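S.K.: what shape does this take:
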Amino acid sequence: MTGQSTYVDDIQPHGLAYVAILRSVYAHATITAIDTSAAAAHPGVIAVYSGAAFRDMVEPMPHGGEGAVPPDMTPIATPVLAHGRVRHVGEPIAVVVADDRYVARDALDLIEVDYEPLEAAVDLDAAVAPDAPQLYDDVPGNVAYTWTCKQGDPDAAFGSADVTVRQRLVNQRLAGVAMEPRGVLMQPDALSGGLVVITSTQNPHTVRREIAATLRLPEIAVRVIAPEVGGGFGVKISSYPEDMICAVLTLRLNRPVKWIETRGESLSSTHHGRAQVADVELAARRDGTIPPLTGWLMCGVYKYDAVDLDIHAVYTNTMAVGAYRGAGRRVKLTSATFAKPARVMLCCEVKLPGAVPIQARRRPARRNAAHMKRSSAG
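M.R.: Numbering: from 1, shown residues only. So this is what the prediction gives:
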């Protein structure tokens, strides 16, 4: 309100060049040819690179930047600029550097790309269907990993239950639209020979680690500064290909470069939220107590002695899903927070006529310190 804050796009170092990124218009396609010559000849353009040219300049992005990678997850190579094949709308395929941001954007229209469209799987059920297109050769069935947890004796508990309720809960995909879009200002550090990164991020340590890993630099050579951030909600926790793209360009051109996300890029190329499907089941006694719960992430205020979880992470031809608004708790109405009371309410309304919903929700709740312990789900 007072204009006192400093955001990434407010910083204008001497010699600054601007970056614009060409992105895939297909959810799944093979790139058969790409011609950047007209863009490179456009007045004011400093350099143009395709994914094939970038391949030898930078390593693929590592997975697991926000936490531990599940032990059975098959690693996949995620190129900073796609080459040969694209797997979602908005995936970067070429980059233009120019003296003016509008010149850089105009030059994108001069890049000619020939695509051969492929069948796309854009939702979870389609991606795991027997005839689904295979996104990665090393990931059969498009299942990145499966996590299971079975504690207690849920089969016996269900067998002794008076009522059961089964429901599919679909949590729609959404975009976390911050007032300030993502942005990266990358500068060469003359003293260390490394990089100074000014970026709108919630997690500068991950950005530093992944830039260092992809550019084969020691972490001490990468300094990341997070100025004021105009909203993030979780989607700015991760590092992104644009961080690596700007790092490569700065080292190669030996001058500062800046990329500021457009609103269209924000919708297509910043991590989405939710996009989860939960097949859940509740077993209960007529007095409202709950023998077990089955579903995802069964923790919280409800007391139970058995749990049966089966979680599948699936690759689709859509933008990756990341952290957004609590990442499974508090505001985020996924099965972690929404499914438990939802199933209690369903049980009341469908199978226990005359039951008072609020009483049914209170009865199985943890009421004292004796119940405050590690849950059956861990």
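
S.K.: so Gly273 touches Tyr324, yeah?
M.R.: Yes: at 3.0 Å, Gly273 and Tyr324 qualify as touching, with contact defined as CB atoms under 8 Å. For every residue, glycine as well, the C-beta is placed using N, CA and C.

S.K.: how about stretch 33-42: buried residues?
M.R.: 34, 36, 39-40, 42 (16 or more other CB atoms under 10 Å).

S.K.: separation between the residue nearest the centre of the chain and Phe233?
M.R.: Geometric centre of the chain, nearest residue: Gly322, 2.7 Å, by CA atoms, centre = their mean. Relative to Phe233, Gly322 is positioned 10 Å away (CB to CB, to the nearest Å).

S.K.: need phi/psi at Gly264.
M.R.: phi -60, psi -40 (degrees, to the nearest 10).

S.K.: and Arg23, what's its pLDDT?
M.R.: The per-residue pLDDT reported for Arg23 equals 98.

S.K.: ignore what I typed, I meant Lys340.
M.R.: pLDDT, Lys340: 52.

S.K.: what do you get for Ala161?
M.R.: pLDDT, Ala161: 82.

S.K.: is it true that it lies in a strand?
M.R.: No: counting by DSSP: H, G, I helix; E, B strand; the rest coil, Ala161 is not part of a strand but coil.

S.K.: can you check the distance spanned by stretch 217-226, start to finish?
M.R.: With CA to CA, to the nearest Å as the measure, stretch 217-226 spans 20 Å from end to end.

S.K.: and for stretch 43-58?
M.R.: 28 Å.

S.K.: for stretch 27-41, same thing?
M.R.: 30 Å.

S.K.: so what touches it?
M.R.: If you take CB atoms under 8 Å, 6 or more residues apart in numbering as the criterion, stretch 27-41 is touched by 45, 47-52, 82-89, 93-94, 96, 107-108, 110-122, 133, 135, 317-318.

S.K.: just to revisit the earlier point, quick check, the residue nearest to the centre of the chain in contact with Arg274.
M.R.: No: the criterion here is CB under 8 Å, and Gly322 misses it with Arg274 at 10.5 Å.

S.K.: now a ChimeraX select for only the buried ones of the contacts of stretch 27-41.
M.R.: The following ChimeraX line selects those of the contacts of stretch 27-41 that are buried, judged by 16+ other CB under 10 Å:
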select :45,47,48,49,50,51,52,82,83,85,86,87,88,89,93,94,96,107,108,110,111,113,115,118,120,121,135,317,318
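
S.K.: mind checking which of the contacts of stretch 27-41 are in helices?
M.R.: Residues of the contacts of stretch 27-41 located in helices (DSSP state H): 51-52, 107-108.

S.K.: out of the residues you listed, the closest to Arg209 would be?
M.R.: Set against Arg209, the nearest of the ones in helices among the contacts of stretch 27-41 by CB to CB is Gly51 (23.3 Å).

S.K.: ok, and the closest non-adjacent residue to the closest one?
M.R.: His83 (3.2 Å; CB to CB, 6 or more residues apart in numbering).

S.K.: what does Ala47 give?
M.R.: Val97 (4.6 Å).

S.K.: okay, now the one you found: neighbour count?
M.R.: 25 (other CB atoms under 10 Å).

S.K.: is it in a bridge, and if so with what?
M.R.: Val19, Ala47 (DSSP bridges).

S.K.: do you know how far it is from Leu251?
M.R.: Taken as CB to CB, the span from Val97 to Leu251 is 13 Å.

S.K.: now for the closest residue to Pro13 other than its chain neighbours, how many residues are close by?
M.R.: Nearest non-adjacent residue to Pro13, counting by CB to CB, 6+ apart: Pro256, 4.7 Å away. Close neighbours of Pro256, defined as other CB under 10 Å, add up to 21.

S.K.: now swap in Glu228 and tell me
M.R.: Glu228: 12 neighbours (other CB under 10 Å).

S.K.: excluding chain neighbours, give the residue nearest to it in space.
M.R.: Ser5 (4.3 Å).

S.K.: any idea which element Glu242 lies in?
M.R.: helix 241-253 (DSSP states H and E).

S.K.: cool, Pro227 as well?
M.R.: Going by DSSP H and E, Pro227 is not part of any helix or strand.

S.K.: the buried residues of stretch 33-42 in helices, which ones?
M.R.: Going by DSSP H, the helices hold 39-40 from the buried residues of stretch 33-42.

S.K.: out of the buried residues of stretch 33-42, flag the one nearest to Gly264.
M.R.: The closest of those, once distances to Gly264 are taken by CB to CB, is Ala39, at 19.2 Å.

S.K.: quick check: that closest one vs Ala213, distance?
M.R.: 30 Å.

S.K.: could you do Asp189 as well?
M.R.: Taking CB to CB, one finds Asp189 at 18 Å from Ala213.
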